[in-house]
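In: I'd like to go over a predicted model; first the sequence, then the structure.
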Amino acid sequence: MDREKIKKAVADILEAIGEDPQRAGLKNTPERVAEMFEELLSGNMLQAQEVLKGTHELEHDEMVIVKDIPFYSMCEHHMLPFFGKCHLAYIPNNKKIIGISKLAAVVDILSRRLQVQESLTVDIIEAIMDFLKPKGAAVVIKARHMCMEMRGVKKSDTYAITSAVRGVFMRDIKTREEFLKLIE
(Lines give C-alpha, C1' and ligand atoms only; values in the text may rest on other atoms or scores of the structure.)
Protein backbone atom coordinates (compact mmCIF):
# COMPACT_ATOMS: atom_id res chain seq x y z
CA MET A 1 0.00 0.00 0.00
CA ASP A 2 1.09 3.51 -0.69
CA ARG A 3 0.83 5.14 2.74
CA GLU A 4 1.80 8.61 1.46
CA LYS A 5 -0.97 8.60 -1.17
CA ILE A 6 -3.51 7.57 1.48
CA LYS A 7 -2.36 10.34 3.82
CA LYS A 8 -2.64 12.93 1.03
CA ALA A 9 -6.08 11.67 0.02
CA VAL A 10 -7.34 11.88 3.61
CA ALA A 11 -5.97 15.42 3.99
CA ASP A 12 -7.71 16.34 0.70
CA ILE A 13 -11.00 14.88 1.95
CA LEU A 14 -10.72 16.80 5.22
CA GLU A 15 -10.20 20.01 3.26
CA ALA A 16 -13.04 19.14 0.87
CA ILE A 17 -15.52 18.82 3.75
CA GLY A 18 -14.44 22.16 5.19
CA GLU A 19 -12.04 20.95 7.88
CA ASP A 20 -8.50 22.09 8.57
CA PRO A 21 -6.19 19.05 8.43
CA GLN A 22 -3.69 20.99 10.57
CA ARG A 23 -5.99 21.61 13.52
CA ALA A 24 -4.99 19.83 16.72
CA GLY A 25 -7.58 17.05 16.64
CA LEU A 26 -7.00 16.26 12.95
CA LYS A 27 -3.26 16.78 12.58
CA ASN A 28 -2.42 13.06 12.86
CA THR A 29 -5.64 11.78 11.28
CA PRO A 30 -4.18 11.14 7.80
CA GLU A 31 -1.44 8.97 9.34
CA ARG A 32 -3.94 7.11 11.54
CA VAL A 33 -6.25 6.46 8.58
CA ALA A 34 -3.35 5.18 6.46
CA GLU A 35 -2.39 2.83 9.30
CA MET A 36 -6.01 1.71 9.62
CA PHE A 37 -6.27 0.89 5.91
CA GLU A 38 -3.04 -1.10 6.04
CA GLU A 39 -4.53 -3.21 8.83
CA LEU A 40 -8.12 -3.51 7.60
CA LEU A 41 -7.14 -4.28 4.02
CA SER A 42 -4.11 -6.45 4.77
CA GLY A 43 -5.78 -9.40 3.04
CA ASN A 44 -4.71 -7.90 -0.28
CA MET A 45 -1.12 -8.78 0.56
CA LEU A 46 -1.80 -12.30 1.86
CA GLN A 47 -2.86 -15.52 0.19
CA ALA A 48 -5.24 -17.97 1.86
CA GLN A 49 -3.23 -20.86 0.41
CA GLU A 50 -0.26 -19.85 2.60
CA VAL A 51 -2.32 -20.55 5.72
CA LEU A 52 -3.74 -23.81 4.38
CA LYS A 53 -0.35 -25.46 3.82
CA GLY A 54 -0.30 -27.50 7.03
CA THR A 55 -2.59 -30.47 6.45
CA HIS A 56 -2.63 -33.67 8.44
CA GLU A 57 -3.50 -37.22 7.49
CA LEU A 58 -6.31 -38.76 9.48
CA GLU A 59 -8.89 -41.42 8.68
CA HIS A 60 -11.90 -39.12 9.06
CA ASP A 61 -14.73 -38.70 6.60
CA GLU A 62 -17.31 -36.97 8.75
CA MET A 63 -18.31 -33.32 8.68
CA VAL A 64 -15.95 -30.78 10.28
CA ILE A 65 -17.68 -27.52 11.26
CA VAL A 66 -16.26 -24.27 12.55
CA LYS A 67 -19.08 -22.04 13.75
CA ASP A 68 -19.33 -18.37 14.72
CA ILE A 69 -16.02 -17.17 13.28
CA PRO A 70 -16.12 -13.38 13.74
CA PHE A 71 -14.95 -11.27 10.80
CA TYR A 72 -14.72 -7.64 9.73
CA SER A 73 -14.62 -6.49 6.14
CA MET A 74 -15.10 -3.35 4.04
CA CYS A 75 -17.81 -2.82 1.45
CA GLU A 76 -16.29 -1.96 -1.90
CA HIS A 77 -19.24 0.27 -2.79
CA HIS A 78 -19.05 2.76 0.09
CA MET A 79 -15.84 1.75 1.92
CA LEU A 80 -17.81 1.23 5.12
CA PRO A 81 -17.48 -1.87 7.32
CA PHE A 82 -19.59 -4.97 7.27
CA PHE A 83 -19.09 -7.56 9.96
CA GLY A 84 -20.60 -10.66 11.44
CA LYS A 85 -20.08 -14.39 11.77
CA CYS A 86 -18.98 -17.03 9.33
CA HIS A 87 -19.90 -20.69 9.66
CA LEU A 88 -18.14 -23.25 7.50
CA ALA A 89 -17.91 -26.97 7.07
CA TYR A 90 -16.09 -29.51 4.96
CA ILE A 91 -16.04 -33.27 4.65
CA PRO A 92 -12.46 -34.54 4.29
CA ASN A 93 -11.33 -36.59 1.33
CA ASN A 94 -8.21 -38.75 0.97
CA LYS A 95 -7.42 -38.52 4.71
CA LYS A 96 -6.58 -34.81 4.33
CA ILE A 97 -7.66 -32.57 7.24
CA ILE A 98 -6.61 -29.11 8.34
CA GLY A 99 -6.33 -27.54 11.78
CA ILE A 100 -9.53 -25.68 12.59
CA SER A 101 -7.61 -22.53 13.51
CA LYS A 102 -6.35 -22.46 9.92
CA LEU A 103 -9.95 -22.28 8.69
CA ALA A 104 -10.59 -19.27 10.94
CA ALA A 105 -7.37 -17.70 9.62
CA VAL A 106 -8.61 -18.12 6.03
CA VAL A 107 -11.78 -16.23 6.93
CA ASP A 108 -9.65 -13.50 8.52
CA ILE A 109 -7.35 -13.13 5.50
CA LEU A 110 -10.11 -13.16 2.92
CA SER A 111 -12.30 -10.74 4.86
CA ARG A 112 -9.59 -8.05 4.98
CA ARG A 113 -10.29 -6.73 1.49
CA LEU A 114 -12.64 -4.33 -0.26
CA GLN A 115 -15.51 -6.53 -1.45
CA VAL A 116 -19.16 -7.45 -1.20
CA GLN A 117 -20.41 -10.18 1.11
CA GLU A 118 -21.36 -12.44 -1.78
CA SER A 119 -17.76 -12.43 -3.06
CA LEU A 120 -16.36 -13.14 0.39
CA THR A 121 -18.63 -16.17 0.75
CA VAL A 122 -17.51 -17.61 -2.58
CA ASP A 123 -13.82 -16.81 -1.95
CA ILE A 124 -13.89 -18.73 1.34
CA ILE A 125 -15.51 -21.83 -0.11
CA GLU A 126 -13.28 -21.80 -3.19
CA ALA A 127 -10.14 -21.59 -1.02
CA ILE A 128 -11.32 -24.64 0.94
CA MET A 129 -12.30 -26.59 -2.17
CA ASP A 130 -9.15 -25.70 -4.13
CA PHE A 131 -6.71 -26.57 -1.39
CA LEU A 132 -8.27 -29.40 0.60
CA LYS A 133 -10.15 -31.04 -2.28
CA PRO A 134 -12.82 -32.25 0.18
CA LYS A 135 -15.90 -34.27 -0.66
CA GLY A 136 -17.78 -31.03 -0.15
CA ALA A 137 -17.88 -27.74 1.69
CA ALA A 138 -20.43 -25.21 2.90
CA VAL A 139 -20.17 -21.59 4.03
CA VAL A 140 -22.82 -19.34 5.58
CA ILE A 141 -22.13 -15.70 6.44
CA LYS A 142 -24.45 -13.49 8.49
CA ALA A 143 -23.39 -9.84 8.55
CA ARG A 144 -24.43 -6.30 9.39
CA HIS A 145 -23.57 -3.62 6.84
CA MET A 146 -22.80 -0.09 7.97
CA CYS A 147 -23.51 1.19 4.45
CA MET A 148 -27.10 0.12 5.08
CA GLU A 149 -27.29 1.19 8.73
CA MET A 150 -25.49 4.54 8.66
CA ARG A 151 -26.56 5.92 5.29
CA GLY A 152 -29.19 5.37 2.62
CA VAL A 153 -32.11 3.38 4.04
CA LYS A 154 -30.74 3.54 7.62
CA LYS A 155 -32.07 0.17 8.77
CA SER A 156 -30.23 -0.84 11.92
CA ASP A 157 -29.91 -4.41 13.18
CA THR A 158 -30.52 -5.78 9.69
CA TYR A 159 -28.52 -8.80 8.56
CA ALA A 160 -27.55 -10.09 5.16
CA ILE A 161 -27.12 -13.86 4.93
CA THR A 162 -25.19 -15.48 2.11
CA SER A 163 -24.34 -19.11 1.54
CA ALA A 164 -22.35 -21.29 -0.80
CA VAL A 165 -22.27 -25.07 -1.07
CA ARG A 166 -20.10 -27.37 -3.13
CA GLY A 167 -19.75 -31.10 -3.67
CA VAL A 168 -21.79 -33.38 -1.41
CA PHE A 169 -23.42 -30.37 0.30
CA MET A 170 -24.90 -29.43 -3.07
CA ARG A 171 -25.89 -32.94 -4.12
CA ASP A 172 -27.20 -34.33 -0.82
CA ILE A 173 -29.99 -32.37 0.86
CA LYS A 174 -29.59 -34.35 4.12
CA THR A 175 -25.94 -33.31 4.41
CA ARG A 176 -26.84 -29.68 3.76
CA GLU A 177 -29.70 -29.86 6.30
CA GLU A 178 -27.38 -31.39 8.92
CA PHE A 179 -24.94 -28.50 8.47
CA LEU A 180 -27.68 -25.87 8.67
CA LYS A 181 -29.15 -27.46 11.78
CA LEU A 182 -25.76 -27.64 13.51
CA ILE A 183 -25.01 -23.95 12.92
CA GLU A 184 -28.35 -22.71 14.33
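Out: Nice, I can see it. Numbering: from 1, shown residues only.
In: Only C-alpha atoms from now on, for both contacts and neighbour counts.
Out: Will do.
In: Now L14: closest residue in space that isn't a chain neighbour?
Out: P21 (6.0 Å; Cα to Cα, 6 or more residues apart in numbering).
In: And R113, by the same measure?
Out: In space, and not counting its chain neighbours, R113 is closest to L41: 4.7 Å by Cα to Cα, 6+ apart.
In: Let me see the contact set for that neighbour.
Out: Shown in contact with L41 (Cα atoms under 8 Å, 6 or more residues apart in numbering): 112-114.
In: Name the nearest of these relative to H78.
Out: Nearest to H78 among those: L114, at 9.6 Å, using Cα to Cα.
In: Surely the residue nearest to L14 is in contact with A9?
Out: No. Taking Cα atoms under 8 Å as the definition, P21 is not a contact partner of A9, at 11.2 Å.
In: which one of those two has more residues nearby?
Out: More neighbours surround P21 than the other of P21 and A9, with 18 against 14 (other Cα atoms under 10 Å).
In: center of the protein - which residue?
Out: By Cα atoms, centre = their mean, the mean C-alpha position of the chain lies nearest to S111, the distance being 2.4 Å.
In: Would you check how far apart that one and I69 are?
Out: Using Cα to Cα, to the nearest Å, one gets 11 Å for the distance from S111 to I69.
In: again with K155
Out: From K155 to I69 the distance is 24 Å (Cα to Cα).
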